[in-house]
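> Sequence isn't available, so here's the structure alone:
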């Protein structure tokens with residue numbers, strides 16, 4: 001399967017447009033159509049409907065494989081390219097929103113640093129493909145358990161920080177005076193679905209261990225990486241949110257109640273490739289608080 005054809009297919013499916021994919025990829029629309037036709041001929045199945053442009057069942061299945069395959073190829077190219085490169089004076093750090101803790105950021109060099117705030121799942125990919133030199137990524141985990149990182153390329157992860165998590169409620173909420181809360185108490189509550197700025201309901205369902213797809217209803221969906229907006233939505237009564245205790249405790253108009261069961265912590269890890277870091281990246285690793 002030609003990866004160039006596969007990349008064209010993923011772009012057309014994402015944009016739902018042949019002309020849009022042609023503009024993004026720098027091809028003519030005719031070339032894009034030829035790429036899709038060649039891929040469909042290779043697989044012996046139609047992959048896209050034309051009016052509207054939507055994946056067929058076979059196309060949906062291919063998309064499940066295509067993303068990881070293309071990412072792995074990009075990561076392999078970046079890994080090999082690093083062998084011939086010289087360390088630069090600049091440092092690019094990819095950070096998920098809740099990993100941007102002052103203690104971790106204080107270790108960054110004083111100059112020559114670019115910090116990119118990315119969705120949680122995009123941080124390991126940015127490091128693997130060379131878009132970032134180092135990543136700071138966060139997630140929910142049992143105490144001392146490592147985060148589950150996507151299998152994009154061999155990466156090394158080092159724990160930077162662990163802290164308790166808390167449920168964020170408006171000050172007038174009936175549960176706001178509790179000393180602690182269990183997820184089991186909150187199955188029927190309304191939650192804010194914030195996959196990039198917080199922890200979405202599907203992650204809470206998994207942590208709770210209940211039936212898939214049940215409980216933790218979404219009241220509002222917050223798209224973006226702005227944690228302050230998520231906090232303001234919770235304070236205004238639009239739904240509950242789960243956040244690191246240090247973040248939840250500083251939201252005006254809201255109360256942070258510790259989560260006591262199940263035992264979960266907010267874990268931040270530094271992610272890098274297995275190649276020995278040099279230059280500013282090596283200096284950051286020496287000074288980063290663990």
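Now that the structure is in, tell me what you want to look at. All of these numbers come straight from a predicted model, not from anything done at the bench. Residues are numbered from 1 along each chain as shown.
> residues of the lengthiest helix in the chain that come out buried?
When the chain is parsed with DSSP state H, its longest helix is helix 57-82. For helix 57-82, a neighbour-count test (16 or more other C-beta atoms under 10 Å) marks 59, 62-63, 66, 71, 74-75, 78-79 as buried. Heads up, the C-betas are built off the backbone N, CA and C, glycines and all.
> Any chance of JSON lines for the residues you listed, columns pLDDT and distance to residue 52?
Shown next, in JSON lines, are these (pLDDT from 0 to 100; distance: C-beta to C-beta, whole Å):
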{"residue": "59", "pLDDT": "94", "distance to residue 52": "13"}
{"residue": "62", "pLDDT": "95", "distance to residue 52": "18"}
{"residue": "63", "pLDDT": "94", "distance to residue 52": "16"}
{"residue": "66", "pLDDT": "91", "distance to residue 52": "20"}
{"residue": "71", "pLDDT": "84", "distance to residue 52": "27"}
{"residue": "74", "pLDDT": "85", "distance to residue 52": "29"}
{"residue": "75", "pLDDT": "81", "distance to residue 52": "33"}
{"residue": "78", "pLDDT": "82", "distance to residue 52": "35"}
{"residue": "79", "pLDDT": "78", "distance to residue 52": "38"}
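> From the residues you listed, pick the one nearest residue 188.
residue 63 (34.1 Å; C-beta to C-beta).
> Strands of the stretch 151-290 of the chain, residue ranges please.
155-170, 181-182, 190-193, 217-221, 241-244, 254-261, 265-273 (DSSP state E, counting those that start in this stretch).
> Residue 96 is nearest to which of the ones you listed?
Judging the strands of the stretch 151-290 of the chain by C-beta to C-beta, what sits closest to residue 96 is strand 265-273, at 8.5 Å.
> can you pull the contacts of residue 273?
With contact taken as C-beta atoms under 8 Å, 6 or more residues apart in numbering, residue 273 is in contact with 79, 82, 127-128, 153-156.
> do the same with residue 235
Contact analysis of residue 235 by C-beta under 8 Å, 6+ apart lists 168, 170-171, 251-254.
> Can you read off the pLDDT for it?
Turning to residue 235, the model gives it a pLDDT of 97.
> quick one on the thing from earlier: please pick the buried ones from the contacts of residue 235.
168, 170, 251, 254.
> Residue 94 falls within a strand, correct?
Yes - under DSSP: H, G, I helix; E, B strand; the rest coil, residue 94 falls within a strand.
> what is the mean pLDDT for whichever helix or strand residue 20 is part of?
In this structure, residue 20 sits in helix 18-25 according to DSSP states H and E. The average pLDDT for helix 18-25 rounds to 95.
> just checking, next helix/strand downstream of it?
In N-to-C order, the element after helix 18-25 by DSSP H and E is helix 29-43.
> circling back to that earlier point, I'd like the strands of the stretch 151-290 of the chain laid out as a markdown table, including mean pLDDT and distance to residue 121.
Converted to a markdown table, these look like this (pLDDT from 0 to 100; distance: least, C-beta to C-beta, whole Å):
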| stretch | mean pLDDT | distance to residue 121 |
| --- | --- | --- |
| strand 155-170 | 94 | 13 |
| strand 181-182 | 96 | 27 |
| strand 190-193 | 96 | 15 |
| strand 217-221 | 95 | 17 |
| strand 241-244 | 96 | 18 |
| strand 254-261 | 97 | 23 |
| strand 265-273 | 94 | 12 |
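> quick one: buried residues of stretch 160-168?
160-161, 164-168.
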